[in-house]
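Chemist: Just need the structure, nothing else, for what follows:
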Amino acid sequence: MATTPTQTHALFTTPFANTTDFTELADNCEQYAYSLVECEDITEKLALCGRLSACLALLQPTLHEPVPAHLIPHFTVDDLPSRLPAFEPESDQLAQYCQVLTQLLISRALPPEMAAVMESLLCELVDYFADTLKAPRWLNTLEGNIAIN
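Modeler: Down below sits the predicted model:
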């Protein structure tokens with residue numbers, strides 16, 4: 001009997017590699033984390049954690065690299081955004097938090113109630129992590145682009 005692939009199943013086959021753009025990896029991380037919180041099947045939860053862990057591992061070594069020139073227009077705005085991420089850890093520290101939580105969930109060392117709390121925390125952290133990676137970094141002015149602090 002054939003099954004209809006769900007959005008979650010599509011996440012298991014989404015290709016990514018060390019050449020995948022960091023913004024795409026950040027989007028993937030968000031999707032895996034959101035799906036993890038919504039998923040009830042333990043096998044799928046483990047698969048989602050594995051995919052999330054792989055994306056986080058690819059992102060970590062690139063966190064301090066400059067934005068590629070072809071992406072600068074994507075991160076440049078004419079007006080300051082109304083909302084900027086406000087959580088303050090360094091990106092490598094935040095990536096470590098996400099990775100450790102993902103590994104903890106993969107290990108299945110927590111009782112189900114604690115795992116649910118950790119899944120929610122991981123989802124919030126990954127959401128913030130992705131927001132900080134994708135936030136505008138420059139503002140167009142008459143004098144040229146200036147960095148947004």
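Chemist: Return the set of buried residues in the longest helix along the chain.
Modeler: Ranked by number of residues, the top helix in the chain under DSSP state H is helix 112-134. In terms of neighbour count (16 or more other Cβ atoms under 10 Å), helix 112-134 has its buried residues at 115, 119, 122-123, 125-134. All C-beta spots, glycine's among them, are computed from the backbone N, C-alpha and C.
Chemist: ok, of these, which one's closest to residue 51?
Modeler: Closest to residue 51 out of the buried residues of helix 112-134 is residue 126 (11.9 Å), distances taken as Cβ to Cβ.
Chemist: Verify the assumption that residue 53 is located in a helix.
Modeler: Yes: according to DSSP: H, G, I helix; E, B strand; the rest coil, residue 53 belongs to a helix.
Chemist: ok, back up a step: C-terminal to the longest helix of the chain, what's the next element?
Modeler: Downstream of helix 112-134, the first helix or strand assigned by DSSP states H and E is strand 138-141.
Chemist: ok, and what's touching the helix or strand just after that next one?
Modeler: Next helix or strand after strand 138-141 toward the C-terminus (DSSP H and E): strand 144-147. Here strand 144-147 makes contact (Cβ atoms under 8 Å, 6 or more residues apart in numbering) with 76, 137-139.
Chemist: Run a quick neighbour tally on the closest residue to residue 137 other than its chain neighbours.
Modeler: Excluding the flanking residues, the one nearest residue 137 by Cβ to Cβ, 6 or more residues apart in numbering is residue 75, at 4.6 Å. Residues contacting residue 75 under the criterion other Cβ atoms under 10 Å number 15.
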